[in-house]
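**Student:** following is a predicted model, sequence given first.
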2 protein chains.
Amino acid sequence: MPTTRPTTDYDERVIAAAREVFTQYGFAAPISEIARLAGVGVASIYRRYPSKRELAEQVRIASTSRIIEEAEDALARESEPWEVLRRFMYGCLREHTGIGMVLPPHGGCEGFSEELLRLRGRMISLVERIVTAAQEAGELRADLRAADVFVLFKHLNPPLATDESRRAELRARYLTLVLPGLREASVPLPGQAPEWEELRRMCEEGPTPDHSKE
Amino acid sequence: MPTTRPTTDYDERVIAAAREVFTQYGFAAPISEIARLAGVGVASIYRRYPSKRELAEQVRIASTSRIIEEAEDALARESEPWEVLRRFMYGCLREHTGIGMVLPPHGGCEGFSEELLRLRGRMISLVERIVTAAQEAGELRADLRAADVFVLFKHLNPPLATDESRRAELRARYLTLVLPGLREASVPLPGQAPEWEELRRMCEEGPTPDHSKE
DNA sequence: ACGCGTCCGGAGGGGAACATTCCGGTTCGG
DNA sequence: CCGAACCGGAATGTTCCCCTCCGGACGCGT
């Protein structure tokens, strides 16, 4: 197991807390909030992670891994392409998946570790496989791109000020509402589908005009 | 016309810029950014609006009025209940409606003007009328509440880092994707529908643990 | 042309927030 | 009981931003 992964309970608590805080408040959230939620001191976080940026990277690695697991699990358990997609999406929107952290490689992918970039690529190709399979089976409208699925994830992840369990409940509620629309293409989708590159650019953070430099 | 509404070009430019900046970056966005986008100096903004809070209030008033107009327009132009709802939703998601500003009465409704509260009430009752009519006509699933419509608006308004025209295009794209799901209730919606009060609480801002006091 | 009043844009003061570090206390093993 | 490892929270130095102040530009009446 890589040394960069959480290994102790302590680490897991910190990563989990950081996942919650970052997905809810964005990268601008203060470290002290993460410490409070994890029930530890600020220094304990800095003792394991040299900087906030590094902590965020570890969170993204954990979340991306989790999404990859969801995709593989869906592919393994279901045989109908539509059911694969369906299970995958519900899986991604369950509690504590951190789906919100896999989309925005804040400020571009520069400065990210090899490991995260590799995981990202793997995740994207899995999603593309799932989407393409469903489309070839005629169970998913053809004018939907794989990147659209991630935009949907982003849409279903608004930063609502409730606890994560209620948010997960709402995500499931609205996914259920949206899913039928993915099948029938009675009205063609207007607008250009987003490309991966555009998605990456669009998801870059911007709560504040961004003042990070290094 | 009330004295609190924008009357000159100058005011309109400022309000429009503030709408864009606030909806994209949240209330935490710096005033200087609004000034830059409006092409005016910071002092010119403070010359008309005593504080940032007051400026935000005027933006909300303008946006809420706009949404009310969309609702009344939809009711006037369409006779089929479903078409009313459909036109209303597309109208709200067009460019520059500022739909993102009508939801979050940051930090609760305390301290808001009578005028805004009255507009808010009017907007809510119009939406409830539209939703109820569509449900009574059997064209909208019955397990959807009016508050759900606003949650959908929030979902369709993620802060994407693109220009407003592209964002509007994407909003239309995903609304088209979602709309069919509002009619057929083949699978009942899981989770509790949000109440107005919960919606209000959930939409309160939280990019930073919130440090506004007065 | 020339004051004078009006209005504007940008620099600056004062205060708050936050990333990161330092320090005194506490626990656990021997 | 002593020491080392570890922890939580206070302290530090910097950055950011709301809001105010000031010097300049423009228009108009004379």
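**Tutor:** In hand now; what should we look at?
**Student:** which helices and strands sit right next to the lowest-mean-pLDDT helix or strand in chain A?
**Tutor:** Among the helices and strands of chain A, helix A:196-203 carries the lowest confidence by mean pLDDT, DSSP states H and E, at a mean of 87. With contacts defined as 3 or more C-beta pairs under 8 Å, 6 or more residues apart in numbering or on different chains; DSSP states H and E, helix A:196-203 has these neighbours: helix A:146-155. For glycine as for every other residue, the C-beta is placed from the backbone atoms N, C-alpha and C.
**Student:** mind redoing it with 10 Å?
**Tutor:** helix A:114-136, helix A:146-155, helix B:164-183 (3 or more C-beta pairs under 10 Å, 6 or more residues apart in numbering or on different chains; DSSP states H and E).
**Student:** right, and those - which one's nearest residue B:33?
**Tutor:** Smallest distance to residue B:33 across those (C-beta to C-beta): 14.6 Å, for helix B:164-183.
**Student:** give me the mean pLDDT for that closest one.
**Tutor:** Helix B:164-183 comes out with an average pLDDT of 96.
**Student:** what about that helix and chain A, touching?
**Tutor:** Yes. Counting by C-beta under 10 Å from any C-beta of the partner chain, chain A has neighbours in helix B:164-183: B:166-183.
**Student:** so which of the helices and strands packed on helix A:196-203 is the most packed in?
**Tutor:** helix A:146-155 (a mean of 21; mean count of other C-beta atoms under 10 Å in any protein chain shown).
**Student:** who in chain A is up against DNA strand C?
**Tutor:** A:28-32, A:42-43, A:46, A:51-53 (C-beta under 7 Å from any atom of the strand).
**Student:** got the contact list for the most centrally placed residue in chain A?
**Tutor:** Central residue of chain A (C-alpha atoms, centre = their mean): residue A:99, 2.4 Å from the mean position. Neighbouring residues of residue A:99 by C-beta atoms under 10 Å, 6 or more residues apart in numbering or on different chains: A:23, A:63-64, A:66-67, A:70, A:89, A:91-93, A:150, A:153-154, A:156-157, A:171.
**Student:** which of those residues lies closest to DNA strand C?
**Tutor:** residue A:23 (15.2 Å; C-beta to the nearest atom of the strand).
**Student:** so where's the longest helix in chain A?
**Tutor:** Secondary structure assigned by DSSP state H gives helix A:52-77 as the longest helix of chain A.
**Student:** buried stuff in that helix?
**Tutor:** Across helix A:52-77, burial judged by 16 or more other C-beta atoms under 10 Å in any protein chain shown covers A:52, A:55-68, A:70-71, A:74-75.
**Student:** avg pLDDT for the helix or strand following it?
**Tutor:** Going down the chain from helix A:52-77, the next helix or strand is helix A:81-93, by DSSP states H and E. Confidence for helix A:81-93, expressed as mean pLDDT, is 98.
**Student:** and helix A:81-93, what's buried?
**Tutor:** Within helix A:81-93, the residues scored as buried using 16+ other C-beta under 10 Å are A:81-82, A:84-93.
**Student:** compute the inter-axis angle for it and helix A:52-77.
**Tutor:** If you take axes from the mean of the first three to the mean of the last three C-alpha atoms, to 10 degrees, helix A:81-93 sits at 150 degrees to helix A:52-77.
**Student:** now the angle between helix A:164-183 and helix A:81-93, please.
**Tutor:** 160 degrees.
**Student:** how far does helix A:81-93 sit from its chain's centre?
**Tutor:** From the chain centre to the centre of helix A:81-93 is a distance of 14 Å (C-alpha atoms, centre = their mean, to the nearest Å).
**Student:** what helices and strands are in contact with it?
**Tutor:** helix A:52-77, helix A:99-102, helix A:114-136, helix A:146-155, helix A:164-183.
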